[in-house]
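[1] Structure for the following, please:
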Amino acid sequence: MMDIILARHGETEWNVEEIFRGRSDIDLNETGLKQAELLAGYLSDLDITAIYSSPLKRAMNTAEIIARHHGLNVISSPGLIDFNYGKWQGVTNREIKEKYPELYAEWNSHPDRVTIPGGENLNDVRERASSVVKTVITECEGTAVLVSHRVVIKVLICALLGLDNSCFWNVRQDNCGTTTFTYEDGLFILKEHNNTSFLKPIQKTPLRDF
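    Below is the predicted model:
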């Protein structure tokens, strides 16, 4: 038996401004750094044996702050990298809605059917992120933390629960929110979802699901 904690990275300015981030290597903003510190403090009493992270700075920095409390090195995992938004990357939500009205509407109603121009689709994410989880349950014992991004974590949650990608919008994962699964006898059992209780000292209203 082991626990897998899925943790989203802290806030960036592109989260605040609703700019599609994707593979752009954006730093955490001041709030994001505070969120990461609070997350690290919350996880400090757990017996964490491994920490995996997307190689992008916003995730890696969050993971490294967690790792300091446990004397661990963060394992960079390309399979946890953010969704490839292709031509949408670096563009605001409002601009994409205006430039790609039909595809944008499809993304918000049937995300499982959409391949972003020049980018990828949710099934691509599901395959690579699920491969990381398979590696983790093979190599690790105890508790492992996987630090990644909104789209990746939402897709992984659907996969571990046996739901298809059409349920993408039925899942929410806030910045530095944690979702925990227990893996036992071949089953992934959801223990806790999108816990942000430890972020209360910041007294900040969560951003929209973006």
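[2] quick one: the strands in this structure?
    Under the criterion DSSP state E, the chain contains strands at 2-8, 48-53, 74-76, 142-148, 178-184, 187-195.
[3] List the neighbouring strands of the last one plus their orientation.
    So the one you mean is strand 187-195. Note on strand 187-195: by DSSP bridges, its sheet partners are strand 178-184 (antiparallel).
[4] In space, what's closest to the residue nearest the centre of the chain - neighbours in sequence excluded?
    For the chain, the residue nearest the mean C-alpha position is His149 (2.7 Å; CA atoms, centre = their mean). Take His149 and drop its neighbours on the chain: the residue closest to it by CB to CB, 6 or more residues apart in numbering is Asp82, 4.0 Å away. All C-beta spots, glycine's among them, are computed from the backbone N, C-alpha and C.
[5] ditto for Asp47
    Gly142 (5.5 Å).
[6] Surely that neighbour is in contact with Thr49?
    Yes - Gly142 lies in contact with Thr49 (CB atoms under 8 Å); the separation is 4.0 Å.
[7] ok so, going back, my understanding was that the residue nearest to the centre of the chain contacts Phe83; is that so?
    Yes - with contact defined as CB under 8 Å, His149 counts as touching Phe83 (6.9 Å).
[8] Quick check: mean pLDDT of the longest helix anywhere in the chain?
    Of all the segments assigned as helix in the chain under DSSP state H, the longest by residue count is helix 122-139. Average pLDDT, helix 122-139: 97.
[9] Give me the packing partners of it, helices and strands only.
    For helix 122-139, the elements it packs on are strand 2-8, strand 48-53, strand 142-148, helix 150-160, judged by 3 or more CB pairs under 8 Å, 6 or more residues apart in numbering; DSSP states H and E.
[10] who touches the first one?
    What that stands for is strand 2-8. Residues outside strand 2-8 that contact it (CB atoms under 8 Å, 6 or more residues apart in numbering): 39, 43, 48, 62-63, 66, 133, 136-137, 140-150, 153, 156-157, 173-184, 188, 191.
[11] Just checking: what are the partner strands of that strand?
    When DSSP bridges is applied, strand 2-8 pairs with strand 142-148 (parallel), strand 178-184 (antiparallel).
[12] Tell me which of these sits most buried.
    strand 142-148 (a mean of 25; mean count of other CB atoms under 10 Å).
[13] what inclination does that one have with respect to strand 48-53?
    Using axes from the mean of the first three to the mean of the last three CA atoms, to 10 degrees, the inter-axis angle of strand 142-148 relative to strand 48-53 is 20 degrees.
[14] tell me the angle strand 142-148 makes with helix 122-139.
    On the basis of the same axes, to 10 degrees, strand 142-148 is oriented at 150 degrees to helix 122-139.
[15] May I have strand 142-148 as CSV, with CA atoms only?
    Listed next in CSV are the C-alpha coordinates belonging to strand 142-148 (Å, rounded to 0.1, in the frame of the first residue of the first chain):
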residue,chain,number,x,y,z
GLY,A,142,5.3,4.9,1.4
THR,A,143,4.2,8.3,0.1
ALA,A,144,5.1,9.9,-3.2
VAL,A,145,4.3,13.5,-4.3
LEU,A,146,3.8,14.4,-7.9
VAL,A,147,3.9,18.1,-8.6
SER,A,148,2.3,19.1,-11.9
